[in-house]
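Enquirer: Sharing a model prediction with you, sequence too.
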Amino acid sequence: MNKEKVLSLQDVKMRFGPKQVLNGVNLEVFQGQIIGYIGPNGAGKSTTVKIMLGLIEGYEGKIEIFGEEIGNGDVSYKRKIGYVPETAELYDNLTACEYLTFTGELYGLHRKEAESKAFQLMKEFGLESVFYQRLSSFSKGMRQKVLIISSLLHDPELLFLDEPLSGLDANSVMVIKEILDQLAARGKTIFYSSHIMDVVEKISNRIILLVDGRVVADGSFSELQAQSTEGTLEGIFNQITGFSEHKEIAEKFVEIVSEANAHA
Ligand SMILES: Nc1ncnc2c1ncn2[C@@H]1O[C@H](COP(=O)(O)OP(=O)(O)OP(=O)(O)O)[C@@H](O)[C@H]1O
């Protein structure tokens, strides 16, 4: 079966002032793929995602989403996208009901439809009793669940998630992993960034490693394993990024911490 090309990036470059952050990113993503987008801090992952979401302008290269070039003025593609940012400003004064109904309406749902769907989804996460409570009273994990619900209310075709499991307990992680699997099985495409390598290893059917604004590895976990002498994704990540000084850095760090104490 020919799967539809959902995303295409050709030689995408981005510079912030003097700093070249993306150095020519090339990617093609197909319907139903679960992409784990990984890389060292500062590699350019969030920048790539924000460019695709239309949140950052001024890039070079060509980006197509659902076959249409973004930046052509037509933003209707955004209605088919869901996004869970790494850190979100939730409107603390709003209740979960108000927040979710508001975001649902932004994505084109009718008010009643958004409210009813939001309540049902909150219930599945065991949060129905706090549906009418202010978000300021929510724990980190509860907020994360609200964000996940808000990204899915309009049943998007393409979902971008930044650290989707941040703050979630082990049981909730199992539920979210299963939800992502089932969405992909229904033809939704998922593109997520995470630093939790064992989760990326398990959830993704394709892993893309970005280093210094370039894709340096791209394949399934077993394909990456075959190209490496390491058995885990953490090991492969360390090997490809050429990082082996964790002990030395830790030793120096702890020494400095202890020195400061000695002078106290
Ligand atoms: N608005 C901005 N202005 C200037 N520099 C920026 C801006 N946004 C990002 N950068 C720089 O671009 C580089 C890549 O940042 P980005 O957030 O894309 O990295 P990342 O791979 O998502 O990192 P992390 O894993 O730490 O979240 C960093 O050096 C960052 O300082």
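Expert: Nice, thanks for sending it over. Residues are numbered from 1 along each chain as shown.
Enquirer: near the ligand, which residues of the protein show up?
Expert: Residues of the chain lying close to the ligand by CB under 6 Å from any ligand atom are 16, 21, 39, 41-47. Placement of C-beta: from N, CA and C, glycine included.
Enquirer: And those residues, which of them are buried?
Expert: For these, a burial check counting by 16 or more other CB atoms under 10 Å picks out 21, 39, 43-47.
Enquirer: So in this protein, where's the weakest helix or strand by average pLDDT?
Expert: Lowest mean confidence among the helices and strands of the chain (mean pLDDT, DSSP states H and E): helix 246-262, at a mean of 84.
Enquirer: Save the buried ones among the residues of the chain next to the ligand as TSV, and put in pLDDT and distance to S136 too.
Expert: Putting these into TSV (pLDDT from 0 to 100; distance: CB to CB, whole Å) gives the following:
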residue	pLDDT	distance to S136
V21	97	34
G39	92	34
A43	94	34
G44	95	33
K45	93	30
S46	92	26
T47	94	30
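Enquirer: Out of the residues you listed, which is nearest to E223?
Expert: Comparing those against E223 with CB to CB places G39 closest, at 17.4 Å.
Enquirer: Double-check that S150 belongs to a helix.
Expert: Yes: assessed with DSSP: H, G, I helix; E, B strand; the rest coil, S150 lies in a helix.
Enquirer: and K145, which of the three is it?
Expert: Under three-state DSSP, K145 comes out as helix.
Enquirer: K117: how many residues sit nearby?
Expert: Neighbour count of K117, defined by other CB atoms under 10 Å: 19.
Enquirer: Can you dump the C-alpha atoms of the strand or helix carrying it in PDB for me?
Expert: Using DSSP states H and E, K117 maps to helix 111-124. In PDB, the C-alpha atoms belonging to helix 111-124 read as follows (Å, rounded to 0.1, in the frame of the first residue of the first chain):
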ATOM      1  CA  ARG A 111     -18.600  24.700  21.600                       C
ATOM      2  CA  LYS A 112     -21.000  21.900  22.800                       C
ATOM      3  CA  GLU A 113     -19.100  19.300  20.800                       C
ATOM      4  CA  ALA A 114     -15.700  20.500  22.200                       C
ATOM      5  CA  GLU A 115     -17.000  20.500  25.800                       C
ATOM      6  CA  SER A 116     -18.600  17.000  25.500                       C
ATOM      7  CA  LYS A 117     -15.500  15.500  23.800                       C
ATOM      8  CA  ALA A 118     -13.200  17.100  26.400                       C
ATOM      9  CA  PHE A 119     -15.300  15.800  29.300                       C
ATOM     10  CA  GLN A 120     -15.300  12.300  27.900                       C
ATOM     11  CA  LEU A 121     -11.500  12.300  27.300                       C
ATOM     12  CA  MET A 122     -10.900  13.800  30.800                       C
ATOM     13  CA  LYS A 123     -13.000  11.000  32.200                       C
ATOM     14  CA  GLU A 124     -10.900   8.400  30.500                       C
END
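Enquirer: for that helix, packing partners?
Expert: helix 96-106, helix 140-152 (3 or more CB pairs under 8 Å, 6 or more residues apart in numbering; DSSP states H and E).
Enquirer: Now mean neighbour count and mean pLDDT too, for those helices, in JSON lines please.
Expert: Conversion of the helices and strands packed on helix 111-124 to JSON lines gives the following (neighbours: other CB atoms under 10 Å; pLDDT from 0 to 100):
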{"stretch": "helix 96-106", "mean neighbour count": "20", "mean pLDDT": "94"}
{"stretch": "helix 140-152", "mean neighbour count": "21", "mean pLDDT": "95"}
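Enquirer: Can you list the neighbours in contact with stretch 173-184?
Expert: Stretch 173-184 is contacted by residues 32-34, 125, 148, 159, 164-165, 168, 190, 192, 199, 202-203, 205 when judged by CB atoms under 8 Å, 6 or more residues apart in numbering.
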